[in-house]
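below is the sequence, then the predicted model.
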Amino acid sequence: MAIPDSPLDPFDAAYFEDPLPAQEALRELGPVVRLTRYGVFAVARHAEVKAVLEDWRSFSSARGVGLQDFARDQPARPPSIVLETDPPLHDRTRKVQARVLSPAAIAALRAPFTAAAEALVDRLVARREIDAIPELAEAYPLAVFPDAMGMPGENRRHLLPWGNLVFNSFGPANAYLAQAIEAAREATPWVFAQSRRESLAPGGFGAGIHEAVDCDELTAEEAAQVVRSVLTAGVDTTVSGIGAAVFCLARHPEQYDRLRAQPGLARGAFEEAVRHESPVQTFFRTTTRAVALGGETLPEGEKVLMFLGAANRDPRKWDRPDDYDITRRTAGHVGFGNGIHACVGMALARLEGECVLAALARRVARIEITGPPRRRHNNTLRGLASLPVRLHPAG
Ligand code: OVM
C-alpha cells in the first residue's frame, strides 16, 4: 500500500499546545495517512474529511466515533443512540432532537438569550479585569442552556466535568481520560438523573424530547438517552466556541473594530471562530467494507480519524486559511460536521455565540489580553482553560 505512515500522537500535550504544524504535515503527507501510534487511518484534507462525513454507509458511527472499536471492546458507558449509531436507529432519535431544536424553536429564545448576554457582559465590564473562560465562555452557556432544557438551577456546573469526560473518552485511554473520569465522579450520576422525565420542567427541550414517548416514537429509556445526548453535546462545545471567538477577537483588534462598527456581523464572527479554532477537533468512523478514499483502498473494519480542524485550515479549500476574517464566506467548513450526523444543535450554538458577541460589541471598546492564555487539554475539544482580559468599556 502507498499510504504513508506518521508517528504523530494527536492526543498528547505537545500536540494540544500547538497542533497546527502537525496538522499541516498530515495534510501534506497525503490524502490518507496511517497513524502508526494507534493503528488507525487518518484524513486531514478538506475533501477527504467531507467525503468520509458524507458516506455513512461506508464510514459507520455504530462502532463508536472514538478510538475504541465497540465491535471489539465493550464501551465504558452506554453509547449515545444518536451520535454512535447509523440509520435506521439514528434517524429515529435524531428526528426527535431535530424537531425540538428546530430553527423556529431556537428563534423563540432570541429575546431571553440576548437579555442574559447583556446582563452578563454588563456585570463583567463593571469588573474590568476578568478571566474570559470561566466568567464568560463557561458562565453564559451555563446560564442559558439548562434553562432552555428545563433543568433546575442547582448543580449546573456538573455539566462541565461530564462533557469533559465524554469528549476525552473519544480518544485513547490516556492520563487526560483518567483525570476526567475522576473529576466527573459526582457529575455522572447527576447527569443520568437529570435526563429523566420527572427532572425536566414542562415547556423545555427536555420535556419536548420526552413527549416523543407519548406517540411511541421513543421508549421512555430511549428518551432519557436522547436528553442525555443533548446535555453532553450542548455545553462544552459552546464553551469552547465562545472562548474561541473571544480569543480570536482579542488577538485581532481590527476584526473587533469591524464588529463594533457593525454588531450585525456577530453571527459571522462566531461562525468564523468555529472554522478557525474548530472546538470539536476530531471524530472517528469505522469502515464497513473495503472503500476507496483519496485514491487508496481501505479495508473493512478500520478506524478512520477525521481531523475537522485541519480540514478547516486546508489551503486547498480556503484562501489565507489562518486569517481570522469575520466577513469570510465560511460555507463548507466542517466545524459542525456534515452529512447525517451534522451538529443537530447548531442553531442553538450559533444563537449563543451571536448573542455574546453582539453584547460585547455594544458594551466593550477593546478586549485586551492581560496575561498568558492557557490551553485546555482534551482528547477531542480544543479550547482555553484561562484567558485573562481587561474589558475596556465603550464610551
Ligand atoms: C451524544 C454526544 C456526545 C458528545 C458529542 C456529541 C458532538 C454527541 O451523546 O450524542 O456530538
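Happy to help now that I have it. Numbers count the residues shown, from 1 in each chain.

give me every residue in this protein lying close to the ligand.
Ser80, Val82, Leu83, Val166, Ser229, Thr232, Ala233, Val280 (C-beta under 6 Å from any ligand atom). C-betas here are computed from N, CA, C, even on glycine.

adding pLDDT and neighbour count, write the residues you listed out as JSON lines.
Shown next, in JSON lines, are those (pLDDT from 0 to 100; neighbours: other C-beta atoms under 10 Å):
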{"residue": "Ser80", "pLDDT": "98", "neighbour count": "21"}
{"residue": "Val82", "pLDDT": "98", "neighbour count": "27"}
{"residue": "Leu83", "pLDDT": "98", "neighbour count": "21"}
{"residue": "Val166", "pLDDT": "98", "neighbour count": "25"}
{"residue": "Ser229", "pLDDT": "98", "neighbour count": "24"}
{"residue": "Thr232", "pLDDT": "97", "neighbour count": "22"}
{"residue": "Ala233", "pLDDT": "97", "neighbour count": "22"}
{"residue": "Val280", "pLDDT": "98", "neighbour count": "23"}
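
from the ligand, how far off is Phe41?
21 Å (C-beta to the nearest ligand atom, to the nearest Å).

what helices or strands is the helix or strand harbouring that residue leaning on?
Here Phe41, judged by DSSP states H and E, is contained in strand 40-43. Helices and strands touching strand 40-43, by 3 or more C-beta pairs under 8 Å, 6 or more residues apart in numbering; DSSP states H and E, are strand 33-35, helix 46-54, strand 303-307.

now that strand: buried residues?
Across strand 40-43, burial judged by 16 or more other C-beta atoms under 10 Å covers Val40, Phe41, Ala42, Val43.

please verify my assumption that the second one contacts Leu305.
Yep, that's Phe41 we're talking about. Yes - judged on C-beta atoms under 8 Å, Phe41 makes contact with Leu305 at a distance of 7.0 Å.

next, show the common contact partners of those two.
Counting by C-beta atoms under 8 Å, 6 or more residues apart in numbering, the common neighbours of Phe41 and Leu305 are Leu35.

just to revisit the earlier point, Leu259: which of the residues of the chain next to the ligand is nearest?
Val280 (23.8 Å; C-beta to C-beta).

residue contacts, that closest one?
Counting by C-beta under 8 Å, 6+ apart, Val280 has contacts Phe167, Thr237, Ser240, Leu308, Gly335, Gly337, Thr380, Leu381.

now rank those residues by neighbours and give me the top one.
Ser240 (30 neighbours; other C-beta atoms under 10 Å).

following the host helix or strand of it, which helix or strand comes up?
Assigned by DSSP H and E, Ser240 belongs to helix 236-251. With elements assigned by DSSP H and E, the helix or strand that comes after helix 236-251 is helix 253-261.

contacts for that following helix?
Taking C-beta under 8 Å, 6+ apart as the rule, helix 253-261 contacts 248-250, 265-266, 269, 324-327, 357, 360-361, 365-367, 394.

and if we set it to 6 Å?
Residues outside helix 253-261 that contact it (C-beta atoms under 6 Å, 6 or more residues apart in numbering): Leu249, Leu265, Ala269, Tyr324, Ile326, Ala361.

send me it as PDB with only the CA atoms.
Output of helix 253-261 as PDB, limited to C-alpha atoms (Å, rounded to 0.1, in the frame of the first residue of the first chain):
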ATOM      1  CA  PRO A 253      -8.400  44.100  17.200                       C
ATOM      2  CA  GLU A 254      -9.000  45.200  13.600                       C
ATOM      3  CA  GLN A 255     -11.700  42.500  13.300                       C
ATOM      4  CA  TYR A 256     -13.100  43.500  16.700                       C
ATOM      5  CA  ASP A 257     -13.300  47.100  15.400                       C
ATOM      6  CA  ARG A 258     -15.300  46.000  12.400                       C
ATOM      7  CA  LEU A 259     -17.700  44.100  14.700                       C
ATOM      8  CA  ARG A 260     -18.100  47.100  16.900                       C
ATOM      9  CA  ALA A 261     -18.900  49.300  13.900                       C
END
